[in-house]
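Asks: Next come a sequence and a model predicted from it.
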Amino acid sequence: MVKYWSAVAAIVQKDVRSELRTKEMVASMFVFSVLVLLIFNFTLSLDGAMTLELAPGILWVAFVFAGSLGLNRSFASERENRSLHGLMLAPVDRSALYFGKLVSNVLFMLVAEAFLLPLFMVFFNLNLFDELEPRAFMTFLLVVGLGTWGYAAVGTTLAAIAANTTMREVLLPVLLFPVAVPVVIGAAESTRLIFQPSAFYSPWTWIRLLAVFSVVFVVVSWLTFEYVLEE
Amino acid sequence: MLVLFGRNGAGKTTFLHMAATLMQPTEGRLLYGDGRKSSTPEEIRRGIGLVSHASFLYADLTVRENLTFYARLYGLSDIPSAVEEATKRADLTARSDSPVRSLSRGMHQRLTIARAVLHRPSLLLLDEPYTGLDPVSADRLSDLLSQSRDRGTAAILTTHDLERGLAAADRVAILESGRLVHEGTGKQDPKEFRKLFAEVTTRGGKPIGH
């Protein structure tokens, strides 16, 4: 068991070291999501109430698009020199490779989102520190974390499938967006209910749904990753 | 050392990938060791080192970082000294902090072999390891392989170079269309073996056992 988690840690450390050197994944996710926010900012003229209504959707569109870009890049380093085969030769259960790549992907997505969030507040003139109570702000951060985890959980497996194909850049979003719909809806709806609290609906209903899907995606990926990797 | 010969597309790489557990055979089964003890795929992989057409190395990481990463994946106990020794054996001590991207083809291949034998496998699988090497690097590779053999490592090597392959072989085999069509000792005259190779591959040799 120690060797299993040591292999997971080795993969995460390798990916972080590689990313710190190249800065390819986080930079491309960040630039792309800024462009998405800019386009929404120019095309929609939002006032105060409307901003709170639409902002969650816009934010999650930016996160999701940037995430799919990052997930596509996450297996690029494994394709070069066919390093994925090197990982597959390791004497550990192949689900360790999944967890290693998953943790790396979540880390990189969270870093890109951390850079994006202040820009989102500037572009849409929405100071979340003023708008939200500290407790609601913490709930919002939980939603960001859960949504990112759930999206990366299914995205990592699908990115591994797409990595072995010639049309990977197109194939990943085509496979990922329909499967990740419950996570995206859950994240956007719970964010909306945090931004605009309702007397009738609680964000926790959606947060629970988000948590369930995140767990389901991790379990399914854990059980199937071995077969996903084999030629 | 078993040297596996065969034309392009004969199934040499596919066989090595199956032996390395990267692919599942569609029929038949692979037995490791004496075939009596059942082992998990993880236990089998622990005893296998593969040198493929691709290096499995990360171009942005240094020589030391690549070897350290694979040493951690294999759960080696004394990683710094294992990495140090592997770097020295591959004659890359002076380049240990250079990114893999900056290495020459020969250095790259030596590092690939160092990566494959880092965990001291009992079975080494080598897929055309001499391809693209200059004569000096090829001789150095032969030395590395004979050192591994002296340490008791079994090896299966595929090559198109009949002379070099026969010189290294204890046993030889020829694959044609995924089937074993010849098996013999390595002590053979290269000219005679070339004739035999042409005969069993171009005229369609019958599989052994048929």
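Replies: Perfect, I can see it now. Numbers count the residues shown, from 1 in each chain, chains lettered A, B, ... in the order given.
Asks: what's around residue B:75, how many residues?
Replies: If you count neighbours by other Cβ atoms under 10 Å in any protein chain shown, residue B:75 ends up with 18. Using the backbone N, CA and C atoms, a C-beta is placed for each residue, glycine as well.
Asks: mind checking how far residue A:167 is from chain B?
Replies: Per Cβ to the nearest Cβ, to the nearest Å, residue A:167 is found 21 Å from chain B.
Asks: Distance check, the closest residue to chain B within chain A against residue B:148.
Replies: Nearest to chain B, among the residues of chain A, is residue A:86, at 3.0 Å (Cβ to the nearest Cβ). Using Cβ to Cβ, to the nearest Å, residue A:86 is found at 19 Å from residue B:148.
Asks: Please say which of the two ends up with more neighbours.
Replies: Per other Cβ under 10 Å, whichever of residue A:86 and residue B:148 has more neighbours is residue A:86, with 24 against 21.
Asks: Does whichever residue of chain B sits closest to chain A belong to a helix, a strand or coil?
Replies: Nearest to chain A, among the residues of chain B, is residue B:56, at 3.0 Å (Cβ to the nearest Cβ). Secondary structure, DSSP: H, G, I helix; E, B strand; the rest coil: residue B:56 is coil.
Asks: close enough to count as contact, it and residue A:78?
Replies: No - counting by Cβ atoms under 8 Å, residue B:56 sits too far from residue A:78 to count as a contact (9.5 Å).
Asks: Report the helix or strand with the lowest average pLDDT across chain A.
Replies: Lowest by mean pLDDT, DSSP states H and E among the helices and strands of chain A is helix A:128-131, with a mean of 85.
Asks: Output the set of residues of chain B in proximity to chain A.
Replies: Taking Cβ under 8 Å from any Cβ of the partner chain as the contact definition, chain B meets chain A at B:17, B:20-24, B:42-43, B:45-46, B:48, B:50, B:52, B:54-61, B:65, B:69-70, B:72-75, B:115.
Asks: Recalculate using a threshold of 7 Å.
Replies: By the rule Cβ under 7 Å from any Cβ of the partner chain, the part of chain B lying against chain A is B:20, B:22-24, B:42, B:45-46, B:48, B:50, B:52, B:54-61, B:65, B:69-70, B:72-75.
Asks: sorry, back to before: outside of the least confident helix or strand of chain A itself, list whatever touches it.
Replies: A:121, A:137, A:195 (Cβ atoms under 7 Å, 6 or more residues apart in numbering or on different chains).
Asks: Can I have the buried ones of these as a PyMOL selection?
Replies: Here is the PyMOL command that selects the buried residues among these (16 or more other Cβ atoms under 10 Å in any protein chain shown):
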select buried, chain A and resi 121+195
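Asks: Make CSV from the contacts of helix A:128-131 and add pLDDT and secondary structure to it.
Replies: Formatted as CSV, those follow (pLDDT from 0 to 100; DSSP: H, G, I helix; E, B strand; the rest coil):
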residue, pLDDT, secondary structure
A:121, 92, helix
A:137, 93, helix
A:195, 91, helix
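Asks: Could you dump the contacts of helix A:128-131 into JSON lines and include distance to residue B:190?
Replies: Converted to JSON lines, the contacts of helix A:128-131 look like this (distance: Cβ to Cβ, whole Å):
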{"residue": "A:121", "distance to residue B:190": "75"}
{"residue": "A:137", "distance to residue B:190": "77"}
{"residue": "A:195", "distance to residue B:190": "78"}
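Asks: Using a markdown table, please lay out the contacts of helix A:128-131 together with distance to chain B.
Replies: Putting those into a markdown table (distance: Cβ to the nearest Cβ, whole Å) gives the following:
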| residue | distance to chain B |
| --- | --- |
| A:121 | 34 |
| A:137 | 37 |
| A:195 | 40 |
